[in-house]
Structures are given as structure tokens and as C-alpha cells.
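Participant: Mind folding the following:
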Amino acid sequence: MSARIGVVTFPGSLDDGDAARAARIAGAEAVPLWHADPDLHGVDAVVLPGGFSYGDYLRCGAIARFAPVMRTVVDAAREGLPVLGICNGFQILCEAHLLPGALTRNGHLHFRNRDQVLRVETTDTAWTNAFHPRQEILIPVKNGEGRYVADERTLDELAAQGQIVARYLGENPNGSQRDIAAVANEAGNVVGIMPHPEHAVEELTGPSLDGLGFFTSILKHLAGAPA
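Facilitator: From the prediction side, this is the model:
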């Protein structure tokens, strides 16, 4: 039986269809999850997609954090459910305190949309085990509030504990501290990434196939997880 990856749709989600497609290409069953429904319908993992949930009012992700589905996602993630937050999903994970730090307005105050080289810093997460340590990958970035910030102590702890999942190489597209593009929780089941791996899974549309590794990683993780 295929792994079931739930993809949440919030009002304002833009990339939920792309995330579901990426899950299917990787070999999983994509299960739509609705923001107002707290039931996760037996999924094995969850993706919070990119977009502008609830219009990005207040702060990006600040309202989505209180959606009925998020109450269940937060509890399940703390029990080990793998969760991937992409762009707006990363913002939601930080607002929900599943990940440390925050995503703020790009340092140059401009929206940035381009293909971006990243370096995978750790493969010890549910979403990056298919990569090689320090592998360089090319995936799109598109954000206006993608600057990752945290206090110096938190940044030091993230580095020391292997929770920095990926860094930007070359020009930093948004001014993120220490070039951070993705982080994980201590357990490695929750990952937030600002660039968009779901847009780099097909030769026809992506700048590479490098994003597919995030989705094959979760299948590998689930296949090795105890029943």
C-alpha cells in the first residue's frame, strides 16, 4: 500500500496542487486535507504548502496557526508525525512553535523569484535522508517574507544540534541569518524550507529534479519506520 501524504489547503494556498503532484510522482498517495477539518484521515505525513494563507493578514502564517487542522497537526507532530512546511508552510510551523525562529520581510524589501542553489546540511531528517551530506541542489525560491531570523543562542544551538537542514549558496535571496534556507526540529520529523522543492520534480517544468528528493526521503523514512 502506498504511503499517504496529506496536503493541507488553507484559504489562499497556491501550491497545494503542486505539492500533491510531487507526492504522487514520488510514489505516494496524495490526500487532500482541509483547513477547517481537524481530521487527518489516517495520513502518514503532512505537507503544509506555499501560498498566502488567510491573505497573510497579521503576519504570514499567524492566522493559519489557529486553523482546526493545525491543532491536530501540532499534536501529531509532537508525537512523531512527519511534517514538511514549504514557504508559507514554514512560516506556519514557526508560528505554531513546531520550529524555532521566525520568517520576516526580505532584507532588501523586494519579492524574490528565481532558481536558487542550496547546500543540504543534514540528511538526518525524515525529509532529507535521500540526499548526500553537503549535496548541492537547485530549486526555485519565491518569497517576500523569507528572511529567517532567530536570536544568536538559538542559531548556535541549531548549528550544534544539526538542525540547519539547508543553506543558500551564492547570493542570499532574502537576507536570512547564516544563509539558512531550511531548519528541522530536534527529532527531525518536522522540517521547514523556504524554497520550493515541489516545483523541481519534473524535467518539463523544473530547473532540476532535485526537489523530488524531499518526497522520496519521506517514503524511505516511512518504509523504515516501525509499524
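Participant: quick one: low-confidence ranges for this structure?
Facilitator: In the predicted model of the chain, residues 225-227 satisfy pLDDT under 70.
Participant: centre of the chain versus the strand or helix carrying Gly6, how much separation?
Facilitator: Per DSSP states H and E, Gly6 falls inside strand 4-9. The chain centre lies 13 Å from the centre of strand 4-9; the measure is CA atoms, centre = their mean, to the nearest Å.
Participant: Over to stretch 22-38?
Facilitator: 14 Å.
Participant: what sits up against that stretch?
Facilitator: 2-11, 16, 19-21, 40-41, 43, 46-47, 53, 64, 67-72, 197-198, 201-202, 211-212, 215-216, 218-219 (CB atoms under 8 Å, 6 or more residues apart in numbering). The way it works is simple: take the backbone N, C-alpha and C, and place the C-beta from them, glycine included.
Participant: Quick one: buried ones out of those residues?
Facilitator: 3-10, 16, 19-21, 40, 43, 46-47, 53, 64, 67, 69-70, 72, 197-198, 201, 211-212, 215-216, 218-219 (16 or more other CB atoms under 10 Å).
Participant: So what touches the longest helix anywhere in the chain?
Facilitator: Ordering each helix of the chain by length in residues (DSSP state H) puts helix 212-224 first. Residues from elsewhere that reach helix 212-224 (CB under 8 Å, 6+ apart): 3, 5, 22-23, 25-28, 44-45, 82, 84, 125-131, 137, 191, 193, 197-198, 200-201.
Participant: Filter the residues you listed down to the buried ones.
Facilitator: Buried among the contacts of helix 212-224 by 16+ other CB under 10 Å: 3, 5, 22-23, 25-26, 28, 44-45, 82, 84, 125-131, 137, 191, 193, 197-198, 200-201.
Participant: Which ones among those residues lie within helices?
Facilitator: 22-23, 25-26.
Participant: For those residues, could you give me a markdown table that also reports distance to Asn113?
Facilitator: Formatted as a markdown table, these follow (distance: CB to CB, whole Å):
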| residue | distance to Asn113 |
| --- | --- |
| Ala22 | 19 |
| Ala23 | 23 |
| Ile25 | 23 |
| Ala26 | 25 |
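Participant: farthest-separated two in these?
Facilitator: Ala23 and Ile25 (7.4 Å; CB to CB).
Participant: residue ranges for the helices of this protein, please.
Facilitator: So, for the chain - with DSSP H - the helices run 16-26, 68-78, 88-95, 152-160, 212-224.
Participant: roughly how far apart are Glu198 and Gly85?
Facilitator: Distance of Glu198 to Gly85, computed by CB to CB, to the nearest Å: 12 Å.
Participant: now the strands: where do they sit in this structure?
Facilitator: Using DSSP state E, the strands of the chain run over 4-9, 29-34, 45-48, 83-86, 102-104, 112-120, 136-143, 147-149, 164-168, 180-184, 190-193.
Participant: Using CSV, write down the CA coordinates of the first one.
Facilitator: Output in CSV follows, covering the C-alpha atoms of strand 4-9 (Å, rounded to 0.1, in the frame of the first residue of the first chain):
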residue,chain,number,x,y,z
ARG,A,4,-0.5,8.5,2.3
ILE,A,5,0.8,12.1,2.3
GLY,A,6,-1.7,14.7,3.4
VAL,A,7,-1.5,18.2,1.8
VAL,A,8,-3.4,20.9,3.6
THR,A,9,-5.3,23.6,1.8
